[in-house]
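> structure for this input, please:
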Amino acid sequence: MRILHLHSSFDPGGKELRAARLMSLFGRGLSHTVVSAQPGALGARQAVDRAIPVDYPDSFPPLAGRPGLGRLQRIAQAMRGHDLVLTYNWGAMDAVMAHTLFARAFALPPLVHHEDGFNQDEAAGLKPLRNWYRRIALGQSAALVVPSERLERIALEVWQQPRGRVHRIVNGIATAAYARKPRPDTLPRVVKRPGEFWVGTLAGLRAVKNLPRLVRACAALPEAWHLVIVGEGPEREAIRAEALRLGIGHRLHLPGFVPDPASVVGLFDLFALSSDSEQFPISVVEAMAAGLPVVSPAVGDVAGMVAAENRPFVVDPGNEAALAAALATLAADAPRREAIGRANRARAVADYDEAAMVAAYRAVYGAALGTGRFP
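Sure thing, here's the model as predicted:
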């Protein structure tokens, strides 16, 4: 069975790493073709099991550009020869439109679209023209998969998708892998020394993550507290520049992308987000599974994801002072950090283990294929 994945980007981020994990878990009975709307943005390929047959072609028609009929027809023609098409986020929406326009003419395979959230240009509000385009483009899709309650409401009410097409599947992980305490020298180029404490995060270094805000929120923490941001992306120098401006460059560490987050998250003492937009962030689930307290703006479903004991530390979006105060409170209270971490771990094991997520994706993809089973 041949699966075509059309991504807005395949650089490491939550939805990309989830897709890589699912590809690995579905096994060697499938072959995959992965295309990124951003040329060369394929860093998440490191997270796919090397035994899985995956192709990353250069010849697929560009997913980005003016949505003229000729270009959309070429994208649709390139879908031929596959058994299932999986598209991801706004950057692949022209491919979804191409499928809707030409599915019958070209006898195209079924398409399942995945919407995981919004970039900086829609973080403050959805664009009406894009809403209209999504509404039409999704007309022939077999299913629309979203991870959060907010995205489910948007899909039903704003994009006007029928109830039977929309499936909310919360992100899950292999929670057992996060129970182990990592070695202090696990990260490349960074060693956790005795007496150090780490505020950590896992994130693509993109503008929507607003990581300079996290740098500012950590600036007043005691000298023993360091900020460790695991990930790669175009905002690396802006993050570093903010730390240097505030005189904490020696307490900021940017070790790059790590393909196995379970090997590093347990080194953190606190987990923090500073994003302008999230939905159901996998990184929060990973932190919870590692037994960490989470400090975050109340974006997406974060407030409902964490244990009740953690909710006072999910602050109003955009309130930088509240974010800094929450970090300072937990940094000064080790027993409370430990108690919240235990509660978060219990919640993650009970509600967010990957077995349920994988079963749900198998069911959606199987229904799209008309087999009821996948693979």
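> which phi and psi does Leu187 have?
Backbone torsions for Leu187, taken as degrees, to the nearest 10, come to phi -70, psi 140.
> Arg2 now?
When read as degrees, to the nearest 10, the backbone of Arg2 gives phi -110, psi 120.
> how many residues are close by it?
Using other Cβ atoms under 10 Å, the number of residues around Arg2 comes to 15. C-beta coordinates here come from the backbone N, C-alpha and C atoms, glycine included.
> in terms of helices and strands, where is the spatially closest residue to it that is not a sequence neighbour?
In space, and not counting its chain neighbours, Arg2 is closest to His82: 4.7 Å by Cβ to Cβ, 6 or more residues apart in numbering. For His82, there is no host helix or strand (DSSP states H and E).
> pLDDT score for His82?
In this prediction, His82 carries a pLDDT score of 98.
> what of Pro12?
For Pro12, the model assigns a pLDDT of 89.
> wait, it touches Leu42, no?
No: using Cβ atoms under 8 Å, Pro12 makes no contact with Leu42, being 9.8 Å away.
> neighbour count: these two, which is higher?
Shown here are Pro12 and Leu42; by other Cβ under 10 Å, Pro12 has more neighbours (28 against 18).
> coming back round to it: report the contact partners of the residue nearest to Arg2.
When contacts are counted by Cβ atoms under 8 Å, 6 or more residues apart in numbering, His82 touches Arg2, Ile3, Leu4, Thr33, Pro109.
> next: Glu196.
By Cβ under 8 Å, 6+ apart, Glu196 lies in contact with Ala224, Trp225, His226.
> ok so, going back, from the contacts of His82, keep the buried residues only.
Buried members of the contacts of His82, counted by 16 or more other Cβ atoms under 10 Å: Ile3, Leu4, Thr33, Pro109.
> max pairwise distance over those residues: which two?
The largest distance within those, taken as Cβ to Cβ, falls between Thr33 and Pro109 and amounts to 12.0 Å.
> overlap in contacts, these two.
With contacts taken as Cβ under 8 Å, 6+ apart, Thr33 and Pro109 have Leu4, His82 as neighbours in common.
> need the contacts of His82 in TSV (columns: distance to Ile173, pLDDT and secondary structure).
Output for the contacts of His82, formatted as TSV (distance: Cβ to Cβ, whole Å; pLDDT from 0 to 100; DSSP: H, G, I helix; E, B strand; the rest coil):
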residue	distance to Ile173	pLDDT	secondary structure
Arg2	27	97	strand
Ile3	22	98	strand
Leu4	25	98	strand
Thr33	25	98	strand
Pro109	29	98	coil
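> name the nearest of those residues relative to Leu126.
Leu4 (27.1 Å).
> so which strand or helix has the residue of the chain positioned farthest from its centre?
Within the chain, Ala105 marks the point farthest from the mean C-alpha position, 34.3 Å out by Cα atoms, centre = their mean. Using DSSP H and E, Ala105 sits within helix 93-106.
> with Met23 instead?
helix 14-26.
> other SSEs contacting that helix?
Helix 14-26 sits against strand 2-7, strand 84-88, helix 282-289, helix 354-369, with contacts defined as 3 or more Cβ pairs under 8 Å, 6 or more residues apart in numbering; DSSP states H and E.
> okay, those in a markdown table with distance to Leu214 next?
Listed next are these as a markdown table, based on distance: least, Cβ to Cβ, whole Å:
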| stretch | distance to Leu214 |
| --- | --- |
| strand 2-7 | 26 |
| strand 84-88 | 26 |
| helix 282-289 | 13 |
| helix 354-369 | 27 |
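> show me the one of these that comes nearest Glu122.
strand 84-88 (15.4 Å).
> circling back to that earlier point, let's see if you can find the most crowded of the contacts of Glu196.
His226 (21 neighbours).
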